[in-house]
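Enquirer: sequence and predicted structure are below.
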Amino acid sequence: MSAEAPAGGGSVSTAAPIELEIEGMTCASCATRIERKLNKLPGVEASVNYATEKAHVRAAGSEALDPAELIAAVEAAGYRATLPPPPVPAGGRAPAPAPERDEVRELRRRVLVSTALTVPVLLMSMIPALQFTNWQWLALTLAAPVAVWGAYPFHRAAAINARHGAATMDTLISVGVAAAFGWSLYALFFGDAGMPGMRMTLTLFGSPEAGASEIYLEVAAAVTVFVLAGRYAEARAKQESGAALRALLELGAKDASLLRDGRETRVPVDSLVPGDHVVVRPGETIPSDGLVVDGASAVDASMLTGESVPVEVAAGSRVVGATVNVGGRLVVEITRVGADTELARLGRLVEEAQTGKAPVQRLADRVSAVFVPVVIGLSIVAFAGWLLTGASLEVAFTAAVATLIIACPCALGLATPTALLVGTGRGSQLGILIRGPQVLEQTRRIDTVVLDKTGTVTTGRMRVALVQAVEGCPEPELLRYAAAVEDGSEHPVARAIVAAATEGGAGHPAAEQFAAHAGLGVQAVVDGRLVVAGKPGWLAAEWSLELPASLVAASDEAEARGITTVVVAWDGEVRGLIGVADTVKPTSAEAVARLRRLGLRPVLLTGDHEGAARAVAADVGIDDVRAGVTPAGKLEAIRELQAGGHVVAMVGDGVNDSAALAASDLGIAMGGGTDAAIAASDLTVVSGDLRLVPDAIRLARRTLGTIKGNLFWAFAYNVAAIPVAMLGLLNPLVAGAAMAFSSVFVVTNSLRLRGFRPEA
């Protein structure tokens, strides 16, 4: 897809920042090259992110930016750029997406076709019994499409790199494949390799003159397949880079019940405009930000705020789209739609956090930036050296080809994907999902782990934490009557009380004449007695029932610990109080201790109030507590820690955590959380058991160590063999065999990760 200037023929100048969608980048150095090209334009400050494939461009001075000029600069660097589609106006309909090249599908097709063609070539080249008369021509027929069409992405990237005086992994792949295939063509058409009855030899050391009868088609084909497979795995991971934003948008309601002239009509949420009135029944998602004009209820906003206790709302209360009505019927006047909503703002926070994260250049790319030009230079030195000593062109070319082939990046290309494959496979068995290789470097450097409270350290479900009755009233009886009167309510606090009575075996009698007072309490007739349960202030104001002295201290202490208290009374007397709170997971304290043993400092970060946060932190052994933090505040807290020199891992499970997860150096999502949190993270703990977080960090560090070991040995054999090849003592076929052996070593070393065991 070619980049085009905006519709209308002329260029459009604007002082606002411009975002460009970039196509054609293959590694982090591509992003750096585009960034340098854009920053050379006068008055331009650009930041290019390889992971999100976007460039964020802003004006350095007062001059306006010209999108057409920016696009032309990107194209001059050898890549493609387009402006993103305009936002959909309120009430409008999104245009049909333009057809795009599916990179993942194209790579998958290249891998499958290339593999099918390469397997016979490998078998014929390595097994003499399969080398029938003129087998080499069949091998050429099968290998040619692989070396040309299969390796085209590498050839194209190498050409772009060469045009800009750079060398990356693609350059080494392209040169290695082209050298092996080019020499094979020479040997077949101008040497003795094309003669009937030709057989492959396995002479370890010998005169380079023998090279004119050897072909290396299996080297060209196998290198292409191995590296294509790794590139395919990387492309699949990149395809998920926008999943966090998609998951956020999917949280919102798809339609709404529009109230107009007393009649309700189901309409798409996109058609709502400020001023519309919508009806939201219990269990439904609030379609957009608005103001309650009628009704009272409790709204579960935990996905956005992290607050475990539902928020009581009534006429005049503001509500946020994507939160869930868990109580009564509400009529909401829409005040903000589309890009102005809180959900859309949170989506922008996630995107900005992802864009601001520095792309981690792959280890192989970093090393090959130096290694590639050195190898090419040594190959040229070998070629020129043999010619200067009076050797024939064939001898010089054979020595040069052997030098290139021995340095061919098969093991280098396998070093990261094989270790990652085995490490992530073992992680999957343990319930740990690692997103990609860029995660591994971060696990080595982190020194601080920030833990969300609700759903991460705690269960995220309301439970009865306190039952205290006055003297003369048995606690089981208090719980029975409280459950009976609360059974008619859908409020999460009420459901927790009913569940506690049921689980405890006490059960509860049936209630009559039930009435709910939104945000205050409930009343009903149970066994002929009028039973009321609710907030202490409501019982005092409405029923003239004051807490006895024996319960005042317990109530104050419970409130200080973040426990929601419900006072229960019947026959005109207060009988006791019941406390409901989010409960700590039984494994959280042990998990925090394991994190400390890894040398990490835990921090508790939550939207809950100070009392609840301090109580949970004390239970699990965390000293640093930051409570009452909004989603934007969580993002700022992460950036504040990073600005202080800390490398931060964030563990969370809610939508309110997604921006912080994306901005942290290492994002870890709990598998029981939202899709948005999982999509914005680097690691996912499927079971939700916090003890697996330190195991995930250990596994990621072990995998990183294996990758580094693979890279070391992939280069070590080159260091030993390149001088031998340059001296003309190494048969190019043996060079290919050495390369294959290094690949076997890399794979075997990676398989050791299957023995990783979680901490007992």
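Expert: Everything's here; your move.
Enquirer: please enumerate the helices of the stretch 601-750 of the chain.
Expert: Shown for the stretch 601-750 of the chain, the helices assigned by DSSP state H, counting those that start in this stretch span residues 610-620, 631-643, 658-663, 675-679, 692-726, 732-751.
Enquirer: and Ser184, which of the ones you listed is closest to it?
Expert: With C-beta to C-beta as the criterion, Ser184 lies closest to helix 732-751 of the helices of the stretch 601-750 of the chain, at 9.8 Å. Bear in mind the C-beta positions are built from the backbone N, C-alpha and C, glycine included.
Enquirer: hmm, back to that, and the helices of the stretch 601-750 of the chain, which one's lowest on average pLDDT?
Expert: Ranked by mean pLDDT, the helices of the stretch 601-750 of the chain end with helix 675-679 at the bottom, a mean of 58.
Enquirer: nearest residue to Ile572 in space, please, no chain neighbours.
Expert: That one is not Ile; residue 572 is Gly. Counting by C-beta to C-beta, 6 or more residues apart in numbering, Gly572 lies nearest to Leu545, which is 7.5 Å off, once chain neighbours are set aside.
Enquirer: Provide the secondary structure category for that neighbour.
Expert: For Leu545, the secondary-structure state derived from DSSP: H, G, I helix; E, B strand; the rest coil is coil.
Enquirer: wait, it touches Ala569, no?
Expert: Yes: between Leu545 and Ala569 there is a contact under C-beta atoms under 8 Å: 5.1 Å.
Enquirer: which one's more surrounded, the two?
Expert: Neighbours per residue, other C-beta atoms under 10 Å: of Leu545 and Ala569, the larger number sits with Ala569, 24 against 17.
Enquirer: residues contacting that one?
Expert: Neighbouring residues of Ala569 by C-beta atoms under 8 Å, 6 or more residues apart in numbering: 531-533, 539, 543, 545, 575.
Enquirer: secondary structure and distance to Gly645 added to those residues, as TSV?
Expert: Below are those laid out as TSV (DSSP: H, G, I helix; E, B strand; the rest coil; distance: C-beta to C-beta, whole Å):
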residue	secondary structure	distance to Gly645
Val531	strand	58
Val532	strand	56
Ala533	strand	51
Leu539	helix	52
Trp543	helix	57
Leu545	coil	55
Arg575	strand	56
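Enquirer: picking up where we left off before, which neighbours do Leu545 and Ala569 share?
Expert: Between them, Leu545 and Ala569 share the neighbouring residues 532, 539, with contact defined by C-beta under 8 Å, 6+ apart.
Enquirer: what's the nearest residue to Pro373 if we skip its chain neighbours?
Expert: By the measure of C-beta to C-beta, 6+ apart, the closest residue to Pro373 outside its immediate chain neighbours is Ala167, 5.0 Å from it.
Enquirer: can you give me the distance of the one you found to His155?
Expert: Separation of Ala167 from His155 (C-beta to C-beta, to the nearest Å): 14 Å.
Enquirer: kindly report the same for Ile622.
Expert: Here the criterion is C-beta to C-beta. By it, Ile622 lies 54 Å from His155.
Enquirer: the more surrounded of these two?
Expert: A count of neighbours by other C-beta under 10 Å puts Ile622 above the other of Ile622 and His155, at 24 against 19.
Enquirer: looking at the helices of the stretch 601-750 of the chain, spot the one closest to Glu512.
Expert: The closest approach between Glu512 and any of these, judged by C-beta to C-beta, belongs to helix 610-620 at 35.4 Å.
Enquirer: which strands and helices sit next to that closest one?
Expert: Based on contacts counted as 3 or more C-beta pairs under 8 Å, 6 or more residues apart in numbering; DSSP states H and E, the elements that helix 610-620 packs against are strand 573-584, helix 588-597, strand 601-605, strand 624-626.
Enquirer: do you know which of the ones you listed lies nearest Leu666?
Expert: When the helices and strands packed on helix 610-620 are compared for distance to Leu666 using C-beta to C-beta, the nearest one is helix 588-597, at 12.5 Å.
Enquirer: from the contact counts, what lies against the closest one?
Expert: Using 3+ C-beta pairs under 8 Å, 6+ apart, helix 588-597 sits against strand 601-605, helix 610-620, helix 692-726.
Enquirer: tell me which residues of it are tucked away?
Expert: Taking 16 or more other C-beta atoms under 10 Å as the neighbour-count basis, helix 588-597 is seen to contain the buried residues 588-592, 594-595.
Enquirer: next one: stretch 701-721
Expert: The neighbour-count check on stretch 701-721 (16+ other C-beta under 10 Å) flags 701-704, 706-707, 709-711, 714-715, 717-718, 721 as buried.
Enquirer: how many residues are close by Ala344?
Expert: Applying other C-beta under 10 Å, we find 21 other residues in the vicinity of Ala344.
Enquirer: need the strands for the stretch 151-300 of the chain, in chain order.
Expert: Using DSSP state E, counting those that start in this stretch, the strands assigned to the stretch 151-300 of the chain run over residues 255-260, 263-268, 277-280, 289-294, 297-300.
Enquirer: looking at those, which is closest to Ala399?
Expert: Across those, Ala399 has its closest neighbour in strand 263-268 (70.2 Å, C-beta to C-beta).
Enquirer: identify all contacting residues around the closest one.
Expert: 254-258, 279.
Enquirer: just give me the closest of those to Leu683.
Expert: Distance to Leu683 across those (C-beta to C-beta) is lowest for Lys254, with 30.8 Å.
Enquirer: tell me how far the closest one lies from Leu272.
Expert: When distance is defined by C-beta to C-beta, Lys254 is 12 Å away from Leu272.
Enquirer: again, but for Gly507
Expert: With C-beta to C-beta as the criterion, Gly507 and Leu272 are 45 Å apart.
Enquirer: those two: which is more packed in?
Expert: The residue with more neighbours, out of Gly507 and Leu272 and counting by other C-beta under 10 Å, is Leu272; that gives 25 against 13.
Enquirer: give me the phi and psi for the more buried one.
Expert: The phi/psi pair for Leu272 (degrees, to the nearest 10) reads phi -70, psi 150.
Enquirer: surely it touches Pro287?
Expert: Yes: with contact defined as C-beta under 8 Å, Leu272 and Pro287 form a contacting pair (6.4 Å).
Enquirer: run a quick neighbour tally on Ala637.
Expert: Taking other C-beta under 10 Å as the neighbour definition, Ala637 ends up with a count of 19.
Enquirer: for Asp624, same thing?
Expert: Around Asp624 there are 13 other residues, counting by other C-beta under 10 Å.
Enquirer: so what's Ala660 up against?
Expert: Counting by C-beta under 8 Å, 6+ apart, Ala660 touches 353, 450, 605, 631, 634-635, 637-638, 650, 652, 667.
Enquirer: distance check, it against Thr141.
Expert: When Ala660 is compared with Thr141 (using C-beta to C-beta), they lie 56 Å apart.
Enquirer: quick one: stretch 695-705 to chain centroid distance?
Expert: Between the mean C-alpha location of stretch 695-705 and the chain-wide mean there is a distance of 17 Å, by C-alpha atoms, centre = their mean, to the nearest Å.
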